[in-house]
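A.B. asks: Generate a structure from the sequence data that follows.
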Amino acid sequence: MKKSEKLTRDDVFGNAAFDIEHALSMYALSFCTIPAAGLYDKEALAQYASVLDTCHIYMIGYTPRIDFVGAEQKDRNLLLSFKVLSENHVVEYVLPEGASLGTEGDLFYVGDSSGKRFWPNEMDMQTRLAATGAVKFEVKYVGQAYGQGGSRNAIDRLLKHETLQKIALKTAPDGYQITLLLLAIEPNNQLVTVINPRAKNKDESGTRIRQGLDKLFNTTEEERISLYEAALIRYFYPDFNKEFKDSFPSTNLKILRDCYEKDFSAVMAEICIDGLPFRLWSNAVGPKLYHIAKHDLHKSEERRMFFGL
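C.D. replies: Residues are numbered from 1 along each chain as shown. Predicted coordinates for the structure are as follows:
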């Protein structure tokens, strides 16, 4: 079969070596995002301590600066205007009954008849703005920090990060700033299994299913963090990364050796978080809200059960 020809379902399932194949699946559970300039603001970081302590993956990138232009009320709707890269974008809210937009000097606020004042949450405003496609995060570097037993987090690594300093010295393009996205990865193992009754070899005894479960739960958090990092690097192909861009996946890689020994067929690293205030992208991947870095661990078509189609 030529490389240009797309595999059909019959090709994949009919030529498969085993009727049971397993993939190790990892995903981001929560996140924190801060401008790089805020990395040294200990007081500001303290309010996110509970999340930051669990973030072992970090991404360094460029995001556009966002300027608040103003607010207006139309009927029961609050319209907030923002300028992003010289373009105006509007975020809309439905005002609660009895609430209306007010001003005090240059300050906008929403007030009700009781005199209470309030304003939309900043993160929610950013998330709604991101939904318009106006705000994107260009991934320039992916890294991880784990330490002994998870003793180090992303902040610990970033405070003395040479690559971050290189990116900072290069400076962001006009209208952009350097931003950090820190990710906490689900601490429990996930197994994705394909059962293919048309495969060449049948697991009549259930051995491959049991082995997959046994070996999955022997995969440590440190291994998962390293695999997640490598999968994202290969996927986004960031400018400032060197390791894993062309070598992942490979039987020569130390971090993958255990996966091959456990006979996993594939690994997946997911970033599917609704609340992200931007869409991730790189020169290798277009801007999207959800990203799934999928990698087959075997080159032979008879073992590529997950992503062959």
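A.B. asks: ranges for the helices of the protein?
C.D. replies: 9-14, 42-46, 49-52, 122-131, 154-158, 162-170, 207-216, 221-236, 254-261 (DSSP state H).
A.B. asks: For residue 102, see how far away the most centrally placed residue in the chain is.
C.D. replies: What sits nearest the mean C-alpha location of the chain, by Cα atoms, centre = their mean, is residue 271, with 3.3 Å. Residue 271 sits 39 Å away from residue 102, taking Cβ to Cβ, to the nearest Å as the criterion. Every residue, glycine included, has its C-beta placed from N, CA and C.
A.B. asks: for residue 168, same thing?
C.D. replies: Residue 168 is 40 Å from residue 102, by Cβ to Cβ.
A.B. asks: Residue 222 too?
C.D. replies: Separation of residue 222 from residue 102 (Cβ to Cβ) stands at 53 Å.
A.B. asks: confidence score at residue 55?
C.D. replies: If you check residue 55, the pLDDT there is 92.
A.B. asks: these two touch, right, it and residue 181?
C.D. replies: No. Between residue 55 and residue 181 there is no contact under Cβ atoms under 8 Å: 9.3 Å.
A.B. asks: so what sits against both of the two?
C.D. replies: 31, 32 (Cβ atoms under 8 Å, 6 or more residues apart in numbering).
A.B. asks: C-alpha coordinates for stretch 78-90, CSV please?
C.D. replies: Output of stretch 78-90 as CSV, limited to C-alpha atoms (Å, rounded to 0.1, in the frame of the first residue of the first chain):
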residue,chain,number,x,y,z
LEU,A,78,-24.5,44.3,28.9
LEU,A,79,-22.0,44.7,26.1
LEU,A,80,-18.3,44.8,26.9
SER,A,81,-15.9,46.0,24.2
PHE,A,82,-12.3,44.9,24.0
LYS,A,83,-9.5,45.6,21.5
VAL,A,84,-7.3,42.7,20.4
LEU,A,85,-4.6,43.3,17.8
SER,A,86,-6.4,46.5,16.6
GLU,A,87,-9.7,44.8,16.2
ASN,A,88,-12.8,45.4,18.4
HIS,A,89,-14.6,42.4,19.9
VAL,A,90,-17.8,42.4,22.0
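A.B. asks: Could you give the separation of that stretch from the chain centroid?
C.D. replies: Relative to its chain's centre, stretch 78-90 lies at 26 Å (Cα atoms, centre = their mean, to the nearest Å).
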